[in-house]
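Q: kindly generate the corresponding structure for this input.
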Amino acid sequence: MYPEIYKLSKYHHPERWGKRSSEDVFKCHYCQAHVCTHPILSGVNNRNHCPYCLRSRHIDLLQAGDRMSACKAIMEPIGLTVKQRQKKYGNGRTGELMLIHRCSECGKLSINRVAADDLTERLMDIFYTSFGLDVFTQQQLKASGIQLLLGADHKLVTTQLHGMIQH
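A: Modelled structure (predicted):
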């Protein structure tokens, strides 16, 4: 599905970064790309999605990292949000950019940190596609307390992905 350039190269191989285990690489169940989970590449300690197709697997049941779900289906990226901070004052839209995933089998929603090596173009595609989400999904997001970023949040998204925008 994705060109060979997105497959694990010798520069992204975990052995290049010192002694690592086989758990530092996984094969995406959707696009078959080899994904390195080493924090030096992803900027996150717990990679949970492919940086190329942005899909994940439904492996957590009750909380992030518990790996107790029996579902194991593909989690589709459906939109972007920001991590809600527990501050008394502020607009709540200044947190870290997060991917919203929905399980293709059971419909469970989850949010995941955007990693440093995620394809920016693909993140923008997800952002624009999310404008057309059906009413049921919008209601499901609202009931889950997840605020979907929309067109009015374009500057926020581009700033988070590309840094400060010069005018």
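Q: who's in contact with residue 71?
A: By Cβ atoms under 8 Å, 6 or more residues apart in numbering, the residues touching residue 71 are 58, 59, 103, 105, 106, 108. Bear in mind the C-beta positions are built from the backbone N, C-alpha and C, glycine included.
Q: quick one: least confident of the residues you listed?
A: Least confident of these in the model: residue 59, at 83.
Q: just to revisit the earlier point, of the contacts of residue 71, which belong to strands?
A: Mapping those onto strands (DSSP state E) picks out residue 103.
Q: so which of the contacts of residue 71 wins on neighbours?
A: Highest neighbour count within the contacts of residue 71: residue 58, with 21 neighbours (other Cβ atoms under 10 Å).
Q: how near is that one to residue 74?
A: Noted for residue 58: a distance of 8 Å to residue 74, by Cβ to Cβ, to the nearest Å.
Q: mutual contacts of these two, please.
A: Shared contacts of residue 58 and residue 74, defined by Cβ under 8 Å, 6+ apart, comprise 103, 105.
Q: now the contacts of residue 71 as a markdown table including distance to residue 141?
A: Shown next, in a markdown table, are the contacts of residue 71 (distance: Cβ to Cβ, whole Å):
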| residue | distance to residue 141 |
| --- | --- |
| 58 | 17 |
| 59 | 21 |
| 103 | 14 |
| 105 | 18 |
| 106 | 16 |
| 108 | 12 |
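Q: sheet partners, orientation included, of the longest strand that the chain contains?
A: Criterion DSSP E: the longest strand present in the chain is strand 74-82. Applying DSSP bridges, strand 74-82 is found paired with strand 56-57 (antiparallel), strand 97-103 (antiparallel).
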